[in-house]
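**Student:** Okay, sequence plus prediction incoming.
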Amino acid sequence: MVAVTLMWSTAGVVTRHLEQARSFEVTFWRSFFTVLCLLVILPVFQGRGVFQRMRQGGAALWISGLCWCGMFTFFMVAITLTTVANVLVTMALAPLLTAVAARVFIGHRIARRTGVAILVAVSGIAWMYGHQLAEGINFTGTLVALCVAISGAANWTVTQHAHAKGHDVDLIPAVLIGAVLSSLITLPLALPFQASAHDLGLLFGLGLIQLAIPSSLAVVCARSLKAPEVALLGLLEVIFGILLAWVGAGEVPGRDVLVGGGLVVGALAANELLGWRQRNA
């Protein structure tokens, strides 16, 4: 799972080394290469019958795929508009947004510790946004990154609701559906193509190493690890991603991001650790 988070975190630093591809073209090629890779990986992990089973996945599978599409598309657009640190810190809100969505749409109770974590995390984001606004920084990219967190929260709420109804969503086929939809949506916006051979090589690496392989491995890890373990280890993506962009692309995070990000990650980690201790007790 640590290796998975390290692979997930490579998107920012790799994107900074693209030569000509920009915005929607970056999104298209990453999603397109993810589709090609998953078409090979899926039968290896789940057998050749996986595509037949996708037809019987029901509405939840396709809604989850649509959510993955939103996550893929908004993420790459955000990365091209703002710093890696801004995107990753904002994305880290997804588990807390999931708790709120599950309370509103499914009726799950929000634990007191989670309520406190939400307040602390929102304070961190408000600090970050407020400083950027005061300094006249355009935070459109950060708002787009917020759409990634919202898409993620919607995704997990749908899968939780399906699980409660006795219909578990197979996440890897849902990732494939999301990548296909993302490719189709961004293709018209990506034309005319400008990516160099160097860019295509990097974007193929993102499709394979940053999405297809770690997404498949994460599902395998989830069978052995407890949910809090997965959630805590998943936070490493924020730390790895910021460090890689810092070391590999010279993108130094500002003080506002370090303070706000520290509040968000700290709140998430404390929430999961306290919940883990309570369940064990």
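**Tutor:** Perfect, I can see it now. Residues are numbered from 1 along each chain as shown.
**Student:** helix or strand for the residue nearest the centre of the chain, which one?
**Tutor:** With distances taken as C-alpha atoms, centre = their mean, the residue of the chain nearest its centroid is residue 71 (6.0 Å). Assigned by DSSP states H and E, residue 71 belongs to helix 58-81.
**Student:** what number of residues lie near residue 280?
**Tutor:** Residue 280 has 8 neighbours, counted by other C-beta atoms under 10 Å. C-beta here means a position set from N, CA and C on the backbone, and glycine is covered the same way.
**Student:** typo on my end, residue 258
**Tutor:** The burial count for residue 258: 15, using other C-beta under 10 Å.
**Student:** ok, it to residue 244 distance?
**Tutor:** Here residue 258 is placed at a distance of 16 Å from residue 244 (C-beta to C-beta, to the nearest Å).
**Student:** can you check residue 198 too?
**Tutor:** Counting by C-beta to C-beta, the gap from residue 198 to residue 244 is 19 Å.
**Student:** quick one: which of these two has more around it?
**Tutor:** residue 244 (20 against 13).
**Student:** list the contacts for that one?
**Tutor:** 9, 10, 12, 13, 84 (C-beta atoms under 8 Å, 6 or more residues apart in numbering).
**Student:** Which element, helix or strand, includes it?
**Tutor:** Counting by DSSP H and E, residue 244 is part of helix 236-249.
**Student:** any idea of the mean pLDDT for that helix?
**Tutor:** For helix 236-249, mean pLDDT is 88.
**Student:** Any buried residues in it, and which?
**Tutor:** 236, 237, 238, 240, 241, 242, 244, 245, 246, 249 (16 or more other C-beta atoms under 10 Å).
**Student:** Which residue ranges of the stretch 1-150 of the chain form helices?
**Tutor:** Taking DSSP state H, counting those that start in this stretch as the test, the helices found in the stretch 1-150 of the chain are 2-8, 11-15, 23-46, 50-54, 58-81, 84-91, 94-105, 112-134, 140-164.
**Student:** could you give the angle of the third one to helix 58-81?
**Tutor:** Right, helix 23-46. 140 degrees (axes from the mean of the first three to the mean of the last three C-alpha atoms, to 10 degrees).
**Student:** and stretch 98-116, how far apart are its ends?
**Tutor:** Taking C-alpha to C-alpha, to the nearest Å, the span from the opening residue of stretch 98-116 to its closing residue is 15 Å.
**Student:** can you offset everything so residue one is 38?
**Tutor:** Sure, I'll start counting at 38 from here, so that last one is stretch 135-153.
**Student:** per-residue confidence at the closest residue to residue 208 other than its chain neighbours?
**Tutor:** With C-beta to C-beta, 6 or more residues apart in numbering as the criterion, residue 208 has its nearest non-adjacent residue at 5.5 Å, and that residue is residue 256. Listed pLDDT for residue 256 reads 75.
**Student:** I'd say residue 131 and residue 186 touch.
**Tutor:** Yes. Between residue 131 and residue 186 there is a contact under C-beta atoms under 8 Å: 4.3 Å.
**Student:** what stretches of the stretch 188-318 of the chain score poorly on pLDDT?
**Tutor:** Confidence mapping of the stretch 188-318 of the chain against pLDDT under 70 gives the ranges 263-266.
**Student:** now the stretch 38-187 of the chain
**Tutor:** In the stretch 38-187 of the chain (pLDDT under 70), the answer is 173-175.
**Student:** The same query, at a cut-off of 90, please.
**Tutor:** 38-39, 42, 49, 56-60, 77-99, 101, 113, 116-180, 186 (pLDDT under 90).
**Student:** returning to that earlier point: between the buried residues of helix 273-286, which is nearest residue 113?
**Tutor:** Closest approach to residue 113 among the buried residues of helix 273-286 (C-beta to C-beta): residue 278, at 13.6 Å.
**Student:** For the closest one, which non-adjacent residue is closest in space?
**Tutor:** Per C-beta to C-beta, 6+ apart, closest to residue 278 is residue 46, 3.7 Å.
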